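Novice: Quick one, what's the 3D model for this:
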Amino acid sequence: MAGTNRRPWRDVPERYGPWQTLYKRFARWEVDGTWARIEQHLQIRADAAGTLDHHAQI
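Specialist: The predicted structure is shown next:
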């Protein structure tokens, strides 16, 4: 399923390429820590800009 909205990967718009490729990339990035690094980078930037809400919950 794509993301947290529980939509099937096959429903991803065709403009992003084959859903199988997207799924494999998403899964690989989860395993190798890419998503965690992206999140950390965005948090650092938001904190430096004073826009990070330390009380926000996901």
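
Novice: Look up which helix or strand R37 falls in, please.
Specialist: Counting by DSSP states H and E, the element that carries R37 is helix 34-49.

Novice: elements contacting that helix?
Specialist: Helix 34-49 makes packing contacts with no helix or strand when contacts are defined by 3 or more CB pairs under 8 Å, 6 or more residues apart in numbering; DSSP states H and E. Where C-beta positions appear, they are placed from N, C-alpha and C, glycine not excepted.

Novice: Alpha carbons only: can I get it in CSV?
Specialist: Written as CSV, here are the backbone C-alpha positions of helix 34-49 (Å, rounded to 0.1, in the frame of the first residue of the first chain):
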residue,chain,number,x,y,z
THR,A,34,17.0,7.2,3.1
TRP,A,35,13.6,8.2,4.5
ALA,A,36,15.1,8.7,8.0
ARG,A,37,17.8,10.9,6.6
ILE,A,38,15.3,13.0,4.6
GLU,A,39,13.2,13.4,7.7
GLN,A,40,16.2,14.4,9.8
HIS,A,41,17.4,16.9,7.2
LEU,A,42,13.9,18.5,6.9
GLN,A,43,13.7,18.7,10.7
ILE,A,44,17.1,20.4,11.0
ARG,A,45,16.2,22.9,8.3
ALA,A,46,12.8,23.7,9.9
ASP,A,47,14.4,24.0,13.4
ALA,A,48,17.0,26.4,12.0
ALA,A,49,14.3,28.5,10.3
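
Novice: Go ahead and name everything in contact with that helix.
Specialist: When contacts are taken as CB atoms under 8 Å, 6 or more residues apart in numbering, the neighbours of helix 34-49 outside the stretch itself are R28, W29, L52.

Novice: For the residue nearest to W9 when sequence neighbours are not counted, give me the pLDDT.
Specialist: Spatial nearest neighbour of W9, excluding adjacent residues (CB to CB, 6 or more residues apart in numbering): W19 at 4.3 Å. Among the per-residue scores, W19 shows a pLDDT of 95.
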